[in-house]
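K.L.:
Provide a 3D model corresponding to the input given below.
(one chain, ligands or ions: 1)
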Amino acid sequence: MSTYLIGDIHGCYDELRALLAQVDFDPQQDELWLTGDLVARGPASLDVLRYVKSLGDSVRLVLGNHDLHLLAVYAGISRNKPKDRLTPLLEADDADELINWLRRQPLLQVDEEKKLLMAHAGITPQWDLETAKMCAREVEAVLSSDSYPLFLDAMYGDMPNNWTPELSGLARLRFSTNALTRMRFCFPNGQLDMICKEAPDSAPPPLKPWFNVPGKISSDYTQIFGHWASLEGKGTPEHVIGLDTGCCWGGTLTLLHWETQQYFVQASNREQAMAESVAALHPPVNDVIPE
Ligand SMILES: Nc1ncnc2c1ncn2[C@@H]1O[C@H](COP(=O)(O)OP(=O)(O)O)[C@@H](O)[C@H]1O
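P.N.:
Modelled structure (predicted):
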């Protein structure tokens, strides 16, 4: 049995299958962890959801901000942005089934045996593990309930950005969602900054990447996250691992084999796909000039 951890797929179905073929992934025996953002931006979000759902219990995933946005678009709450390339998924015959499965997935994975934690953006330094679990479960409970559209409608926005146990209602759920699925930088007191998207070196002081603000999670755990493609998987402390390497932007899809700590990468097909579509738009001159 192997445990494979893969970063943000973002609709890159062919690369996902090629990466799993590299390691001979066997859903009957192996466990596949996914850092979320399964959909949007890449070409084949529908295929990714169908495939991941078909893997059943062999998959442990967390929801990312783009997965949540898809739920909001499907519920008629948010706009379907063309650059997300979600239309084939939204119009699929099995869309209802896929969306109802997706909204029942967690925002935090905890494995006490492997000492592994996973959240799409990470775990805010303001939370200890018990608080992180409690807050994730609260969002998951609303998302799996019939009143989930009410939550999705209130989910957008950057405030509140400071955790206190007194936070309640939709404001508390919004904080938890932002902390688990959108966070990148924090102020030195752990308060979230939801604006800066720079690489860590170019961020304005006093902002720091969340994983560089002293937190409350024991370093006995390894924390896995995605979400931050411009890190290219680098610059984190030893017990924190970022797996998003920007496949949908022309980067790579990264897999970590947990038991051996060996990394595998699959290059994006994006450049090839772009070259093919440019070639289709501009056929060689000989093809268009009549004899
Ligand atoms: N709580 C939220 N507040 C704002 N945007 C959100 C929230 N949840 C999901 N989203 C979605 O996250 C996506 C963010 O896209 P973008 O700003 O390009 O950042 P990213 O680098 O994560 O792709 C948008 O589709 C947005 O609608």
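K.L.:
separation between the closest residue to Arg270 other than its chain neighbours and the ligand?
P.N.:
Nearest non-adjacent residue to Arg270, counting by CB to CB, 6 or more residues apart in numbering: Gly250, 4.5 Å away. Where you see a C-beta, it was placed from the backbone N, CA and C, and this is true even at glycine. To the ligand, Gly250 is 15 Å away according to CB to the nearest ligand atom, to the nearest Å.
K.L.:
how many neighbours does Gly250 have?
P.N.:
13 (other CB atoms under 10 Å).
K.L.:
wait, isn't it in contact with Gln272?
P.N.:
No - applying CB atoms under 8 Å, one finds Gly250 not in contact with Gln272, separated by 10.1 Å.
K.L.:
can you map out the strands along the stretch 1-150 of the chain?
P.N.:
Secondary structure of the stretch 1-150 of the chain (DSSP state E, counting those that start in this stretch): strands at 3-6, 31-34, 59-61, 109-111, 116-118.
K.L.:
what lines up beside the first one in the sheet?
P.N.:
Right, strand 3-6. Partners of strand 3-6 in the sheet, by DSSP bridges, are strand 31-34 (parallel), strand 252-257 (antiparallel).
K.L.:
got the residues of the stretch 101-250 of the chain near the ligand?
P.N.:
With CB under 6 Å from any ligand atom as the criterion, the stretch 101-250 of the chain meets the ligand at residues Met155, Tyr156, Gly157, Thr177, Asn178, Arg182.
K.L.:
where's Met274, which helix or strand?
P.N.:
Taking DSSP states H and E as the definition, one finds Met274 inside helix 270-281.
K.L.:
now the top helix by length along the chain: how far from the chain's centre is it?
P.N.:
Once the chain is assigned using DSSP state H, the helix that runs over the most residues is helix 129-144. A distance of 17 Å separates the centroid of the chain from that of helix 129-144, by CA atoms, centre = their mean, to the nearest Å.
K.L.:
flag every buried residue along that helix.
P.N.:
The neighbour-count check on helix 129-144 (16 or more other CB atoms under 10 Å) flags Thr131, Ala132, Cys135, Ala136, Val139, Glu140, Val142, Leu143 as buried.
K.L.:
just say helix, strand or coil for the closest residue to the third one other than its chain neighbours.
P.N.:
The reference is to Cys135. Nearest non-adjacent residue to Cys135, counting by CB to CB, 6+ apart: Ser176, 4.0 Å away. Assigned by DSSP: H, G, I helix; E, B strand; the rest coil, the conformation of Ser176 is helix.
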